[in-house]
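Colleague: Fold the following.
(2 chains)
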2 protein chains.
Amino acid sequence: MVNVAVDAMGGDNAPMETVKGAVEALNGDKRVKVFLVGREPVVREELKKYAYDQERLEVIHAEEVIETGEPPVMAIRKKKDSSIVKCMNLVKSGECDALVSAGSTGAVLVGGQVIVGRIKGVERPPLAPIIPNVKGVSLLLDCGANVDARPSQLLQFAKMGSIYMESVVGIKNPRVGLVNIGVEEEKGNALTKEAYPLLKNCPEINFVGNVEARDIPMGAADVLVCEAFAGNIVLKMLEGVSDALIGKIKAGMMSSLKSKIGALLVKPALKRTLKSFSTEEYGGAPLLGLNGLVVKTHGSSKAVEIRNSILQCIAFKEQKISEKIREQIVLED
Amino acid sequence: MVNVAVDAMGGDNAPMETVKGAVEALNGDKRVKVFLVGREPVVREELKKYAYDQERLEVIHAEEVIETGEPPVMAIRKKKDSSIVKCMNLVKSGECDALVSAGSTGAVLVGGQVIVGRIKGVERPPLAPIIPNVKGVSLLLDCGANVDARPSQLLQFAKMGSIYMESVVGIKNPRVGLVNIGVEEEKGNALTKEAYPLLKNCPEINFVGNVEARDIPMGAADVLVCEAFAGNIVLKMLEGVSDALIGKIKAGMMSSLKSKIGALLVKPALKRTLKSFSTEEYGGAPLLGLNGLVVKTHGSSKAVEIRNSILQCIAFKEQKISEKIREQIVLED
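Modeller: Numbering: from 1, shown residues only, chains lettered A, B, ... in the order given. Below is the predicted model:
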């Protein structure tokens, strides 16, 4: 059984969508047990809507909620009875293997490091969302809050990302690319120039060299390594350009009667296409390198994302990702 | 008369498209005189195809061509008789006000700094492409080859970019945004944290705060300030995501007979939309802060981009951009 704590109160659509997603995960796979953490009366009220195996669901009361705007370090320290902190403690104590939260990104990142804790030897736990490309998906890390990484940290990101892509996503011998402003080895800033030889000389990864941002959506690598400032720009540009372009295309199609009729005919095909290129389709982003799995989903998560995020915890546990990371990082020291 | 040197040999489509673009510019505006620089026999052969005012066109022979792969510093130093170096010398001597090249980006950046030279007080000349957004366009700077900028350089980028957007593009009191990973003042890396107060306290610009990458395509600012590594990622993600998504949408529309018919009907509207969101529609990127205007266009430039780039030199000269930059930078010292 894989025990997953779910922050019932986190995100814009909580608790409605979080509870719904939890129930869908329970009904989708018998290997999952969910601990729904949040204000018990509210959560119980939502649960009344659904049928599910009650033996695999527990509700854990948490009186407080950490809001998105709160300074995360302070919030984690002060709000001991918040849904996020209680989820973290369930993982720390070993009662749960993983937690899923659509709540404050800052609080999840801080809580993961401070409460759940890093695997010994891991310098910095990267936030690693899966992003779509024209051929499939890539893992982009780091997209967290800690910028200005060191070269040795990029190497650890590459190792942890490779393990995750191979064992959880199922891509054999994943290609690792260093996000850079040119493909030649000598290109880039001080960080990428120093990181390049470390990646090139690491036998545990399949390094394919520098990847320009232009080639990221083309699927130039399975694991994209960068520091968090760059990673944030990659991720947010992907989301922003997609949204802007889709908005423009839809408005353009409404510009004449002829194109309106055409729009009706292409709609189903367009919808499928856009779905495959939406970052929200791929479950949450794991925070790698911790003593347990912490998954951060979009603040705007709907049930499907919560469900997928809970289900990805199964592979994470069964494939022993934490143990594999521990082995590789300890080997290195 | 505005004298513009055009690198006839630069880019993937030279000399066919460069010569065509030059002729179109001549025929489009009587205030322009073009100096076509390249292998004279080849250029003359191309020119035979067109009718134009011969008094406003000169062909200047250059025996050599700098290729895209060549190390730029070495190329600029060794190939004195190349089309790029000869263009640069025409601007340096004052014979030309500006130059347009679709050739090696590295060589144009190095040549601009080494031969044309910086305006006194300018720390680093930024490459400043105009990028589309859902409402119009923004100026993104720096996208050049020099990464790891200093905070004082970002302030200069903001000033130069504001002058350019106001005087050349015609946006009154342009909103300046600092590209960052969060909107709050304290967010970011060491560079953006130091640059923020400099921008905030500068009376000559209209600073609107941090801009997340997600809001760039939405038109959150008219002038987007960042160091070149970040700028490169923004620009290349914009191009890459657009291309990837458009490719997916087109393929999706070909998936059934119904959607194929729909595709025919939406095609004209779709084409207009995509044109307005293509980075190639907006002429070349100026390298700001030099003793003369240097414009770098895409390597894949067609005649229309060469033409637009030549024509933008008129506003640059008539609006006395170099003088305005000189005044603001000197004032500051």
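Colleague: Could you check the angle the lengthiest helix in chain A makes with helix B:228-253?
Modeller: Longest helix in chain A, counting residues (DSSP state H): helix A:228-253. Helix A:228-253 and helix B:228-253 meet at an angle of 40 degrees, taking axes from the mean of the first three to the mean of the last three C-alpha atoms, to 10 degrees as the criterion.
Colleague: Show the average pLDDT along the one helix or strand residue A:274 maps to.
Modeller: Per DSSP states H and E: residue A:274 is located in helix A:257-276. The average pLDDT within helix A:257-276 is 83.
Colleague: What of stretch A:63-81?
Modeller: 93.
Colleague: do stretch A:295-307 as well
Modeller: Averaged over stretch A:295-307, pLDDT sits at 93.
Colleague: Using PDB, write out the CA atom coordinates for it.
Modeller: In PDB, the C-alpha atoms belonging to stretch A:295-307 read as follows (Å, rounded to 0.1, in the frame of the first residue of the first chain):
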ATOM      1  CA  VAL A 295       4.600  16.800  -5.100                       C
ATOM      2  CA  LYS A 296       3.600  20.300  -5.900                       C
ATOM      3  CA  THR A 297       0.600  20.700  -8.300                       C
ATOM      4  CA  HIS A 298      -0.600  23.900 -10.000                       C
ATOM      5  CA  GLY A 299      -2.400  26.400  -7.800                       C
ATOM      6  CA  SER A 300      -5.300  26.100 -10.300                       C
ATOM      7  CA  SER A 301      -5.300  22.300 -10.100                       C
ATOM      8  CA  LYS A 302      -8.500  20.500 -11.000                       C
ATOM      9  CA  ALA A 303      -9.400  17.000  -9.800                       C
ATOM     10  CA  VAL A 304      -7.600  15.300 -12.700                       C
ATOM     11  CA  GLU A 305      -4.200  16.800 -11.800                       C
ATOM     12  CA  ILE A 306      -4.600  15.900  -8.100                       C
ATOM     13  CA  ARG A 307      -5.600  12.400  -9.100                       C
END
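Colleague: which residues are contacting that stretch?
Modeller: A:6, A:11-13, A:17-18, A:20-22, A:24-25, A:28, A:68, A:98-103, A:105, A:108-109, A:127, A:279-281, A:283-287, A:309, A:312-313 (C-beta atoms under 8 Å, 6 or more residues apart in numbering or on different chains). For the C-beta atoms, the positions are set from N, CA and C on the backbone; glycine is no exception.
Colleague: Show me the shaky parts of chain A.
Modeller: Filtered on pLDDT under 70, chain A yields the residue ranges A:330-333.
Colleague: Would you state the strands of it in chain order?
Modeller: A:2-7, A:32-38, A:57-61, A:98-101, A:130-132, A:137-141, A:175-180, A:206-212, A:223-225, A:285-287, A:293-296 (DSSP state E).
Colleague: Figure out how far the first one is from the centre of its chain.
Modeller: Meaning strand A:2-7. Here the centre of strand A:2-7 is set off from its chain's centre by 15 Å, with C-alpha atoms, centre = their mean, to the nearest Å.
Colleague: go on, the second one?
Modeller: Using C-alpha atoms, centre = their mean, we find the averaged C-alpha position of strand A:32-38 to lie 19 Å away from the chain's own average C-alpha position.
Colleague: That one pairs with which strands, and in what direction?
Modeller: If you go by DSSP bridges, strand A:32-38 pairs up with strand A:2-7 (parallel), strand A:57-61 (parallel).
Colleague: Kindly present the ones you listed as TSV, with separate columns for mean neighbour count.
Modeller: As requested, these are arranged in TSV below (neighbours: other C-beta atoms under 10 Å in any protein chain shown):
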stretch	mean neighbour count
strand A:2-7	28
strand A:57-61	18
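Colleague: Save these as CSV, and put in distance to residue A:233 too.
Modeller: What follows is the strands paired with strand A:32-38, written out as CSV (distance: least, C-beta to C-beta, whole Å):
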stretch, distance to residue A:233
strand A:2-7, 27
strand A:57-61, 37
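Colleague: For residue B:93, which of those strands is the nearest?
Modeller: strand A:2-7 (67.4 Å; C-beta to C-beta).
Colleague: hmm, who's touching that closest one?
Modeller: A:14, A:18, A:21-22, A:25, A:31-38, A:60, A:83-84, A:86-87, A:90-91, A:95-103, A:306, A:310, A:313-314, A:317-318.
Colleague: buried subset of the residues you listed?
Modeller: Among these, the ones that count as buried by 16 or more other C-beta atoms under 10 Å in any protein chain shown are A:14, A:18, A:21-22, A:25, A:32-38, A:60, A:83-84, A:86-87, A:90-91, A:96-103, A:306, A:310, A:313-314, A:317.
Colleague: check contacts around the spatially most central residue of chain A.
Modeller: When C-alpha atoms, centre = their mean is applied to chain A, the residue found nearest the centroid is residue A:285 (0.3 Å). For residue A:285, the contact set (C-beta under 8 Å, 6+ apart) comprises A:127, A:128, A:129, A:130, A:143, A:295, A:296, A:297.
Colleague: Of those, which is the nearest to chain B?
Modeller: Nearest to chain B among those is residue A:143, at 9.2 Å by C-beta to the nearest C-beta.
Colleague: Just want the phi and psi numbers for that closest one.
Modeller: Dihedral pair for residue A:143: phi -120, psi 20, per degrees, to the nearest 10.
Colleague: same question, residue A:29
Modeller: According to degrees, to the nearest 10, residue A:29 has phi -150, psi 120.
Colleague: Next up, the contacts around the closest residue to it other than its chain neighbours.
Modeller: Leaving out its chain neighbours, the residue that sits closest to residue A:29 by C-beta to C-beta, 6 or more residues apart in numbering or on different chains is residue A:311, at 5.9 Å. By C-beta under 8 Å, 6+ apart, residue A:311 lies in contact with A:25, A:28, A:29, A:32, A:283.
Colleague: hmm, back to that, just the ones in helices from the contacts of stretch A:295-307, please.
Modeller: Using DSSP H, the contacts of stretch A:295-307 in helices are A:17-18, A:20-22, A:24-25, A:28, A:105, A:108-109, A:309, A:312-313.
Colleague: what's the most distant pair in the residues you listed?
Modeller: Most distant of the ones in helices among the contacts of stretch A:295-307, by C-beta to C-beta, are A:28 and A:109, 27.8 Å apart.
Colleague: The two - which one has more neighbours?
Modeller: residue A:109 (21 against 13; other C-beta atoms under 10 Å in any protein chain shown).
Colleague: quick one: contacts for that one?
Modeller: Counting by C-beta under 8 Å, 6+ apart, the residues that residue A:109 touches are A:72, A:127, A:144, A:145, A:146, A:287, A:296.
Colleague: ok, what's across the strand from the last one?
Modeller: By that I understand residue A:296. residue A:101, residue A:285.
Colleague: Run through the residues that contact residue A:137.
Modeller: Shown in contact with residue A:137 (C-beta under 8 Å, 6+ apart): A:130, A:131, A:169, A:282.
Colleague: if we can go back for a sec, and the longest helix of chain A, what does it pack against?
Modeller: strand A:130-132, strand A:137-141, strand A:175-180, helix A:257-276, helix B:228-253, helix B:257-276 (3 or more C-beta pairs under 8 Å, 6 or more residues apart in numbering or on different chains; DSSP states H and E).
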